[in-house]
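*Asks:* got a predicted structure here, sequence first:
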Amino acid sequence: TGVTCGRKHKRVTRLDLGGFQLGGVISPFIGNLSFLTSVDVTDNSFGGTIPRELVNLFRLQHLNVSFNILEGGFQPVCSTVLNWWALISIQIILDKIGNGDMQVTLEPIESHMYYLQLGAVSQSNKKFKISR
């Protein structure tokens with residue numbers, strides 16, 4: 001349940017784990033699932049940060065990590081240029097905010113992204129900084 005595999009290669013192409021009451025951190029090993037096109041882990045209790053290893057998912061089209069206890073930041077670019085050519089949408093909406101601030105840096109992402117939703121339901125002295 002929540003995991004979809006491709007017909008041809010039999011590899012994981014989608015993770016739809018929204019509302020499964022999962023906790024812990026999003027494993028950095030998610031970056032090894034190179035055939036992933038969609039990741040939806042909304043409405044769980046994942047803490048920590050969004051793993052940098054998502055940069056390995058060059059087929060990724062949709063990313064939704066909303067309504068978790070995420071903190072820190074999402075900076076998918078280190079010293080190399082990220083080419084997420086397939087990326088269409090990113091959604092990060094904070095409801096349950098962790099102890100830290102959330103910082104999102106998206107430059108220099110090259111993609112066909114047409115939908116970007118970032119925000120917080122309740123601020124409570126938390127900072128949500130967006131850079132592009």
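*Replies:* Yep, that arrived. Quantities reported herein were computed from a predicted structural model and do not represent experimental measurements.
*Asks:* let me see the ranges of the strands in the protein.
*Replies:* Assigned by DSSP state E, the strands in the chain fall at 3-5, 12-16, 23-25, 38-40, 45-48, 62-64, 69-70, 72-74, 89-94, 102-105, 115-120, 128-131.
*Asks:* gap between the residue nearest to residue 42 when sequence neighbours are not counted and residue 66?
*Replies:* In this structure, residue 42 finds its nearest non-sequential neighbour in residue 18, 4.1 Å apart by Cβ to Cβ, 6 or more residues apart in numbering. For glycine as for every other residue, the C-beta is placed from the backbone atoms N, C-alpha and C. Using Cβ to Cβ, to the nearest Å, residue 18 is found at 9 Å from residue 66.
*Asks:* what touches both of these two?
*Replies:* 42-43 (Cβ atoms under 8 Å, 6 or more residues apart in numbering).
*Asks:* the two: which has the busier surroundings?
*Replies:* residue 66 (21 against 16; other Cβ atoms under 10 Å).
*Asks:* from what I can see the more buried one touches residue 93, true?
*Replies:* Yes: Residue 66 is within contact range of residue 93, at 3.8 Å (criterion: Cβ atoms under 8 Å).
*Asks:* hmm, back to that, going by mean pLDDT, which of the strands of the chain comes out lowest?
*Replies:* Among those, strand 128-131 has the lowest mean pLDDT, at a mean of 50.
*Asks:* for residue 23, list each beta-bridge partner.
*Replies:* In this entry, residue 23 is beta-bridged to residue 45, by DSSP bridges.
*Asks:* mind listing what it touches?
*Replies:* Contacts of residue 23 (Cβ under 8 Å, 6+ apart): 44-47.
*Asks:* then residue 65?
*Replies:* 26, 39, 41-42, 46, 50, 91-92.
*Asks:* closest to residue 57 among these?
*Replies:* Nearest to residue 57 among the contacts of residue 65: residue 39, at 7.8 Å, using Cβ to Cβ.
*Asks:* pull the number of nearby residues for that closest one.
*Replies:* Using other Cβ under 10 Å: residue 39 sits among 21 other residues.
*Asks:* that one contacts residue 62, doesn't it?
*Replies:* Yes: at 7.1 Å, residue 39 and residue 62 qualify as touching, with contact defined as Cβ under 8 Å.
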